[in-house]
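Participant: Structure of the sequence below:
(2 chains)
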Amino acid sequence: MTRPAGPDWQDDPSVLPHHVLWRRIPGWHFVWDANRNAVRPSSAAFDNDSDGSPMSIQLAAVLAEYGRGELEVLQGHTGFALARFLAEAARNCGQMIVPEPGPGDPAHGLVVGDKPPSVRKKLQRASEWQTEPPAMHLGDKVLLLQDRSGAPCVRLPHGKCIPATEFAPHASGLAAAQAWLASPESGQAILRDTVEKAVAIWTGTRATGF
Amino acid sequence: MFALLDPVRPAEAAESRRLLTRERPVGRSLPVPAVTSQESFRRIRVVSPKGDYALIVELAGPEPTWFRPTLEIFADLLGLPDDWNSYGAQPVTRAAVATAVKLLAEVLASDALPPQVVPTSAGGVQLEWHEGGVDLEVCVRPTGTVQVLFEDLASEVEWVEPFPHCRDKLVEVLERLHAAQ
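Facilitator: Numbers count the residues shown, from 1 in each chain, chains lettered A, B, ... in the order given. Okay, the predicted model is just below:
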């Protein structure tokens, strides 16, 4: 159950409406949205903690002050991506933004307030990817992802994950992966290494070293 | 069209034990879950990929196409560790999975579109369909209570209601998704 906002919580006006908030999204929360033709976070990713504590975020402006960025927030979280949304969007959902810096975590903050399904949905709708998710749609609701070790795995339409070595993509899915690798957008993408490995597996051209 | 299933024998007191059984340890080398006959019920046993959970469901009638793959995900979810989302998430509860399985068996046609299944931070599961101009999310809390969120993207009709209060509406939406398949 969500802990209701208590008297101790107070929205911090120094977090301006246009300030950007980041939230880590685990691979389990990547969903294929056929209506939007995109991989996006599930609304389940925008909930309070299991003990009722408010939802944690990182204040991007504070991170920048400390010279930190996406890599630091994602460090140690293989297979995760970052979603971003504005403080204004959260407040429009009846939430308060409360900075709560901790040791070694100066940009930590909270999005305080009840989060019934409708609010989670609105927060999800207000979000976009800060970092592209390490996931690629191969057609037929099949996603190529990273497992915890960074190795390529495939999530089948129902959600089951199997190693890429146990999957044979449709020709169109393989072609899409190859085309993406050849495109400029893949250059700096977190997913590039995963897609390269998967394509090598599926085309039988495994490079030395894996 | 709706081949509704009776997922377990109607012995309510024993239902949760029948529906979900945790087994430790189970070897990784177990074969694909076997179906064995037992009177008019078939016992379906699905083991999680790590081999530490097995779901056992007694099923009457034909096995829906979505049934076994969806159970495999649920078995996988039951093996999630603490903090799987890096924000202190809880492992998925058996009560949530039991409720989700029973709900799907009650409302989903045998050859219907299966949901995407995701865990929730509190230890529940969420069943999602995002297609055919519809966003449908069935949120099963760790205690087994259920809320359904529906949105028609074209008409902007939207509702959030508890299940089973919205059962008929949910079946109607799933029929619509099925027809658009």
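Participant: So, low pLDDT: which residues of chain B?
Facilitator: B:1-39, B:49-50 (pLDDT under 70).
Participant: What parts of it come near chain A?
Facilitator: Neighbours of chain A within chain B, by C-beta under 8 Å from any C-beta of the partner chain: B:49, B:66, B:69-70, B:72-73, B:76, B:80, B:84-90, B:114-123, B:126, B:128, B:130-135, B:137, B:139, B:147, B:149, B:151, B:153, B:160. Every residue, glycine included, has its C-beta placed from N, CA and C.
Participant: Which parts of chain A are helices?
Facilitator: A:60-65, A:70-74, A:87-92, A:117-126, A:171-182, A:192-203 (DSSP state H).
Participant: To chain B, which of the ones you listed lies closest?
Facilitator: For these, proximity to chain B was assessed by C-beta to the nearest C-beta; helix A:117-126 is nearest, at 4.4 Å.
Participant: quick one on the thing from earlier: mind putting the helices of chain A into JSON lines with distance to residue B:44?
Facilitator: Formatted as JSON lines, those follow (distance: least, C-beta to C-beta, whole Å):
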{"stretch": "helix A:60-65", "distance to residue B:44": "48"}
{"stretch": "helix A:70-74", "distance to residue B:44": "39"}
{"stretch": "helix A:87-92", "distance to residue B:44": "43"}
{"stretch": "helix A:117-126", "distance to residue B:44": "30"}
{"stretch": "helix A:171-182", "distance to residue B:44": "30"}
{"stretch": "helix A:192-203", "distance to residue B:44": "32"}
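Participant: ok, which residues in chain A are in contact with chain B?
Facilitator: Counting by C-beta under 8 Å from any C-beta, chain A comes close to chain B at A:24, A:26, A:28-29, A:31-36, A:42-45, A:47-51, A:53, A:55-56, A:77, A:80, A:116-118, A:121, A:141, A:156-161.
Participant: in chain A, which spans are strands?
Facilitator: Per DSSP state E, chain A carries strands over the ranges A:20-25, A:30-33, A:38-41, A:55-59, A:81-86, A:96-99, A:108-112, A:128-129, A:135-137, A:143-146, A:152-155, A:161-163.
Participant: Please apply the same query to chain B.
Facilitator: B:20-21, B:35-38, B:41-47, B:54-60, B:116-119, B:125-131, B:134-140, B:146-152, B:158-163.
Participant: Show me what the fifth one pairs with in its sheet, parallel or antiparallel.
Facilitator: When sheet partners are counted by DSSP bridges, strand B:116-119 sits next to strand B:125-131 (antiparallel).
Participant: related to what we said a few turns ago, closest to residue B:108 out of the helices of chain A?
Facilitator: Closest to residue B:108 of the helices of chain A is helix A:117-126 (C-beta to C-beta; 19.7 Å).
Participant: How about the residue in chain B that sits furthest from its center?
Facilitator: residue B:155 (28.5 Å; C-alpha atoms, centre = their mean).
Participant: can you give me phi and psi for that residue?
Facilitator: According to degrees, to the nearest 10, the main-chain angles of residue B:155 amount to phi -90, psi -10.
Participant: roughly how far apart are it and residue B:65?
Facilitator: 30 Å (C-beta to C-beta, to the nearest Å).
Participant: Kindly report the same for residue B:136.
Facilitator: For residue B:136, the distance to residue B:65 - C-beta to C-beta - is 19 Å.
Participant: And the two? Which one has more around it.
Facilitator: residue B:136 (21 against 14; other C-beta atoms under 10 Å in any protein chain shown).
Participant: and the nearest residue to the more buried one once chain neighbours are set aside, what is it in contact with?
Facilitator: Nearest residue to residue B:136 in three dimensions, chain neighbours excluded: residue B:129, at 4.4 Å (C-beta to C-beta, 6 or more residues apart in numbering or on different chains). Residue B:129 makes contact with B:113, B:115, B:116, B:135, B:136, B:174, B:177 under the criterion C-beta atoms under 8 Å, 6 or more residues apart in numbering or on different chains.
Participant: if we go to 7 Å?
Facilitator: Residue B:129 makes contact with B:113, B:115, B:136, B:177, according to C-beta atoms under 7 Å, 6 or more residues apart in numbering or on different chains.
Participant: Just the closest of the residues you listed to residue A:91, please.
Facilitator: For those, the residue nearest residue A:91 by C-beta to C-beta is residue B:136; the value is 27.5 Å.
Participant: Give the full set of residues in contact with the closest one.
Facilitator: Residue B:136 sits next to B:128, B:129, B:150, B:173 when contact means C-beta under 7 Å, 6+ apart.
Participant: what about the residue nearest to residue A:138 when sequence neighbours are not counted, neighbour count?
Facilitator: Once flanking residues are discounted, residue A:138 sits nearest to residue A:173: 3.3 Å by C-beta to C-beta, 6+ apart. Neighbours of residue A:173 under the rule other C-beta under 10 Å: 21.
Participant: before we move on, the earlier item: which one of the contacts of residue B:136 sits closest to chain A?
Facilitator: Of the contacts of residue B:136, the one sitting nearest to chain A (C-beta to the nearest C-beta) turns out to be residue B:128, at 5.8 Å.
Participant: sorry, back to before: any figure for the gap between the residue nearest to residue B:136 and residue B:172?
Facilitator: 13 Å.
Participant: what's the answer for residue B:103, then?
Facilitator: 15 Å.
Participant: So for these two, which residue has more residues nearby?
Facilitator: residue B:103 (21 against 13).
Participant: Was I right to think that one contacts residue B:145?
Facilitator: No. Under the criterion of C-beta atoms under 7 Å, residue B:103 makes no contact with residue B:145, lying 11.2 Å away.
Participant: how many other residues sit next to the closest residue to residue A:181 other than its chain neighbours?
Facilitator: Spatially, and ignoring its direct neighbours in sequence, residue A:181 is nearest to residue A:195 (5.8 Å; C-beta to C-beta, 6+ apart). Using other C-beta under 10 Å, the number of residues around residue A:195 comes to 22.
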